[in-house]
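In: task: produce atomic coordinates for the following.
(chains A and B)
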Amino acid sequence: MDLTEKDTAIEVEDLTFSYNNHDPVLKGLSFSVKTGEKVGLVGPNGCGKTTLFLCLMGFLRPLSGHIRIFGREMIKEGDFKWARRRVGLLFQDPDDQLFCPTVLEDVAFGPLNLGFKPKDAIQIAKDTLKALKLEGFENRVTYKLSGGEKKLISLATVLSMQPKVLLLDEPTNGLDEETYFRIIEIFNNLDLTCVFISHDMDFLANTTQKIFMMKNGKILSEDAKIPHYHMHAHELGRVHHVHRRLMINDGKE
Amino acid sequence: MFDPEILDRNHLILRIDPRIKIVSYLILALEISLINSINVILIAVTATLTGILVLRIPIRVFVKKLAQINMFLLFFWVVLPFTYTGNEIFTIYGLSITSEGINYCFLITLKSNCVLLILFLLIGTMSSMDFGHAMISMGVSKKLTFLFLFTWRYLDVMWRELSQMLRALKARNFEPKTNLRTYKTFAFLVAMLLIKAYERSKRIQMAMVARGFQGRYHSLKELQINRCDLIFQGTVLCLAFILGYLEWI
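Out: Sure, this is the predicted structure:
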């Protein structure tokens, strides 16, 4: 593995995927994310953003194309098993992620699978919770948590695997203001490669360096920049006003 | 499996090996269900209550659940004294109450309450995860154990999905009537619930595999039988023996 390959965390080339063998969702999609980079992925509903994540994790097998994680070509299940130790996936619905009765058991689930002894797994879980300022949640029952708490704990369950890359599917969905700002702060303090699926431009403006636009099964603009940067609660809030489009594709609106 | 927060985390009953608890429960429940003498059952109830007192478990935890189940037992009290053949004690409106009927009701009530108390005490005081782990290490099939654990976890989610759909029906002015449309709508509802459950199960599996799950089940607690467990098991066996001796010998 040479240095240039190591520098690229995710590399996707000409990926085609279809759920029913005709009418593909992903049509020759290509993009890459450098190590340490935080990028956003936006696009209309049903354009295949989540599908792309599931392909990257090896849950869906593409018809054609290449996926490389840290330079390693993903071909067999064994390759993806290797990748899953390095890439964490945060699901859109935290109820899909949290299946253990208590928070501690859920956060320790990943480390136990990685072969840590229960004692060490508990320590890792506690440290992860502490890093997210979630101390005291250890013995809470997962399905009795509030929506925002569930989201934060789900994040902890992924982070406890100590991944190098995070794939996050709508991490700010349904969060209240306090949790929202907290999660932005958490992401900004994470020294990881991150790919966010989000419709929330304010959030992406605060966390990412680059935004990819997805449409018709392809990623349109390699580095669509964010032309402006402001929080939504300003004087004009009460008056009808129009913002400039955030996405510029090939110079056209 | 009541709120584990009620008890102190280092409580003795929480430290006993879950396998010992399951075995003890099975022995006692089976024996008590076979005993037919009220006196012996009374001894069993007293022993159980003593156990609860000695272990300092706040009995109020059980009271509500016991009350709910005893409501169901009321049904027996309404029916059995009138229908059981035996010595008539007295007659109301041509219906005669038999002493055997009353005795039988009393026996059923005592038996079920006793078994329930033991259930709460032994099985109720372990987390579902511990229960699953104990089941696997006792040789119960993995599939069955996972089925149990996931049912436990996702009943709540499925219930929420069902009530969401019901609310959506109501929001669009749906009123259940006895007609084909209502049956169809409810059939759709059930079908939708099954499909949603299936879809969710696929997502959960992905989430588990994404976190390195490979079909092996780990628990945070390493199961190990120590002296305390053996003393507990010994006490239970002694009790079981005494009850059996009084009943059958």
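In: which residues touch the nearest residue to A:Gly217 once chain neighbours are set aside?
Out: Nearest residue to A:Gly217, sequence neighbours excluded (Cβ to Cβ, 6 or more residues apart in numbering or on different chains): A:Lys27, at 3.6 Å. Where you see a C-beta, it was placed from the backbone N, CA and C, and this is true even at glycine. Contact analysis of A:Lys27 by Cβ atoms under 8 Å, 6 or more residues apart in numbering or on different chains lists A:16, A:216-218.
In: what's the helix or strand for A:Lys27?
Out: For A:Lys27, the host element (DSSP states H and E) is strand A:26-34.
In: for the helix or strand that comes right after that strand, buried residues please.
Out: Going down the chain from strand A:26-34, the next helix or strand is strand A:38-42, by DSSP H and E. Within strand A:38-42, the residues that count as buried by 16 or more other Cβ atoms under 10 Å in any protein chain shown are A:38-42.
In: and for A:Ile69, nearest residue in space, chain neighbours not counted?
Out: Excluding the flanking residues, the one nearest A:Ile69 by Cβ to Cβ, 6+ apart is A:Ala83, at 4.4 Å.
In: OK, contacts around that neighbour?
Out: Neighbours of A:Ala83 in contact, by Cβ under 8 Å, 6+ apart: A:56-58, A:69, A:72, A:74.
In: helix, strand, or coil at it?
Out: helix (DSSP: H, G, I helix; E, B strand; the rest coil).
In: hmm, back to that, any chance of the contacts of A:Lys27 in CSV, with pLDDT and secondary structure too?
Out: Formatted as CSV, the contacts of A:Lys27 follow (pLDDT from 0 to 100; DSSP: H, G, I helix; E, B strand; the rest coil):
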residue, pLDDT, secondary structure
A:Thr16, 93, strand
A:Asn216, 85, coil
A:Gly217, 87, coil
A:Lys218, 88, strand
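In: list the contacts of the spatially most central residue of chain B.
Out: By Cα atoms, centre = their mean, chain B has its centre lying nearest to B:Leu119, at 6.3 Å. Neighbour list for B:Leu119: B:25, B:29 [criterion: Cβ under 8 Å, 6+ apart].
In: and the gap between it and chain A?
Out: 18 Å (Cβ to the nearest Cβ, to the nearest Å).
In: can you say which helix or strand has that residue in it?
Out: B:Leu119 belongs to helix B:99-122 when assigned by DSSP H and E.
In: which elements pack onto the helix or strand just after that helix?
Out: Using DSSP H and E, the helix or strand that follows helix B:99-122 in sequence is helix B:128-137. In terms of contacts (3 or more Cβ pairs under 8 Å, 6 or more residues apart in numbering or on different chains; DSSP states H and E), helix B:128-137 is packed against helix B:18-34, helix B:142-171.
In: what does the first one contact?
Out: Meaning helix B:18-34. With Cβ under 8 Å, 6+ apart, helix B:18-34 has contacts from B:41, B:44, B:111, B:114-115, B:118-119, B:122-123, B:125-126, B:130-131, B:133-135, B:137-138, B:223, B:225, B:229, B:232-233, B:236-237, B:239-240, B:243-244, B:247.
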